[in-house]
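> next comes the sequence, and after it the predicted model I'd like to discuss.
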Amino acid sequence: MTNERRCPVTQFDHHSSEHTRDHVAIYRKLREETPVAWTETHGGFWVLSDYASVYEASRDDDLFSSARHDEYGGAGLAVTIPKAPTEFHIPIEIDPPNSAPYRKLINRVTAPKAAEKLEPMIKHYVTGILDSVIESGEADLAIVAGVPAMVVIDWLGLDPAEYQVYVDAMHTLVSAAPDSDEYKHAAEVSVPWVEATVREHIRHRREHPADDITTYFIDSEINGEKMTDDEIYSILELVISGGVGTTASLVTQSLVWLYQHPDERAQLIENPSMIDVAMEEFLRVFSPTQALGRTVMQDTEFHGCPVQKGDRALLSWASANRDAEQFTDPDEVDITRWPNRHIAFGVGVHRCAGLYIAKGLAREIFTQVFERMGDYVVDMDNVVTYPDQGTNAGFHSIPVTFTPGKRLLGDTPLFAEHYTKV
C-alpha cells in the first residue's frame, strides 16, 4: 500500500536505534514535511505527529478506536505498536460509552483529593529510597524511578517489597527492544508471575477485605453488578502498567536535564514554589509516554490522507508537544512557561486518570532530591538510556556523586508498614 495516496514515510520506526538517539529531530522532520504519514514498519501504520492531528484523533473515538481489535494488527494490547503481549486492559481498551462506568470508578480514587491521601505514603518511600544512599555520597539516581512502583503496589494492597518484578513485567515491555532478551524475559517470566500474583491477591481480598484499592474495586458495581475477577484484574494490570513507568520516565529525564542546566536547577532549589510550573514544562518536553496506538474504524480522509478501516495509527503526544504552531520556541525548555497546554497525559476520554498521583510523586521526588542532594553531579559518560524509547523515554541508570547527608527515617525499614489506601 505504499503509494501516493497512502502519504508514505520512508522507514519511520519508533523502536529503532535511530529513533532512540534523536526522536526529537525525527518527529520534527515529520511535522514539517508529512504530519500525517504512512510507514510500512511493524505491519504498516499511520504516524500522527502535529498537535492538530493528534488532538483531533484523540477526541474522535468513533474513527480512532482504543478498543482491542485482534483482527487488525494481530492480538495484544491495542494501544502499542506493535501490540504488547498483555491481558485486556480496562478501561483504555474500551471505547465510550461503555468505558464510562469503569472510568467513573477509577476517577473516584485518582481525583485530586484522593491523590492527596497518598502524600504520606509517597513521602515515606521517597525518603526511604534516598536514605538508602544519602550517607555514601554516590548513587545511581535512577533508583528514584522505583518509588512510583512501590506506591502503586502498596496502594493496591500488594507487597511493595516486590516492586522490581512489577517494573520488569510492565515497564520493560515498553522500554526494551521487542526482540531483546530483556523483553523476552519480561513477557515470558515476569508478566506471568504478575498475573498469577495479582489474581491470587484478588481472590484473597474477596475473602479478606482490607483498606486498599483492590477491595474498593471488589466492592464496586458496574451497571448494577459486581465485577468479575477478570474485570478487576484487567483494571489492576493497567494501573500497574501505567504507574510503574510514567513518573519514572518524567523524573529521570528531568533530573539529567537539570544537571546539564545548573542555573535552572539553582532556581528550583532556591524557589521550591516554582516546581509545579516547571513540572508542567518537563511534562511537555519530556513527554513520558511518547506515543500510543489506535485502530481506524472506517474508510475516510483524515488531514488529507485516505485512512482505511483496520489501519493502525500512532498518536505522538511527544511530537505534538513540540509543535511550533502551538508552542513558542517549542524545543526550548522554559521552566516558567505558562499557560502550558501540553497533552503529555493524552486527550479525551482516555486521558491518563493517574495524572494527579503522577504529579504528586514527581513533586515529592524533585523536592527531596533538591533538598537532600541538590549538588548532585551526573557522570554523563556512563548514563544509560532506555534501549527503546518508542513508548517511554528515560534513563535506566544515572550515576551521580553528591555531598553526603543524614538518614531521616532512622532504623525504620523501607517496607515497614502499609498506608491507608482509599
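Yep, it's here.
> ok, longest helix in this protein?
Determined from DSSP state H, the single longest helix within the chain is helix 229-260.
> quick check: mean pLDDT of that one?
With pLDDT averaged residue by residue, helix 229-260 scores 94.
> got it, and stretch 376-391?
On average, stretch 376-391 scores 94.
> that stretch: which residues count as buried?
Tyr376, Val378, Val383, Thr385, Tyr386, Asp388, Gln389, Gly390, Thr391 (16 or more other C-beta atoms under 10 Å). To be clear about C-beta, it is placed using only N, CA and C from the backbone, and glycine gets the same treatment.
> next SSE after the longest helix of the chain?
Remark: after helix 229-260, the chain's next helix or strand is helix 262-270, criterion DSSP states H and E.
> angle of that next one against helix 229-260?
120 degrees (axes from the mean of the first three to the mean of the last three C-alpha atoms, to 10 degrees).
> and for the helix or strand that comes right after helix 262-270, what are the contacting residues?
Remark: after helix 262-270, the chain's next helix or strand is helix 275-285, criterion DSSP H and E. The set of residues external to helix 275-285 that reach it, using C-beta atoms under 8 Å, 6 or more residues apart in numbering, is 250, 253-254, 257, 264, 268, 321-322, 327, 331, 333-338, 340, 342, 344-345, 359, 362-363, 366-367.
> quick check, central residue of this structure?
What sits nearest the mean C-alpha location of the chain, by C-alpha atoms, centre = their mean, is Thr246, with 2.6 Å.
> the closest residue to that one other than its chain neighbours - how many residues pack around it?
Leaving out its chain neighbours, the residue that sits closest to Thr246 by C-beta to C-beta, 6 or more residues apart in numbering is Pro288, at 4.6 Å. By other C-beta atoms under 10 Å, the residues close to Pro288 number 28.
> how close does Pro288 sit to Gln253?
Between Pro288 and Gln253 the computed distance is 8 Å (C-beta to C-beta, to the nearest Å).
> so for the two, which residues contact both of them?
Taking C-beta under 8 Å, 6+ apart as the contact rule, Pro288 and Gln253 both touch Ala393, Gly394.
> quick one, helices of the stretch 1-150 of the chain?
17-33, 51-59, 100-108, 112-116, 119-134, 147-155 (DSSP state H, counting those that start in this stretch).
> please work out which of these is packed deepest.
Of all these, helix 147-155 has the most neighbours on average by mean count of other C-beta atoms under 10 Å, namely a mean of 26.
> state the mean pLDDT of it.
The model assigns helix 147-155 a mean pLDDT of 95.
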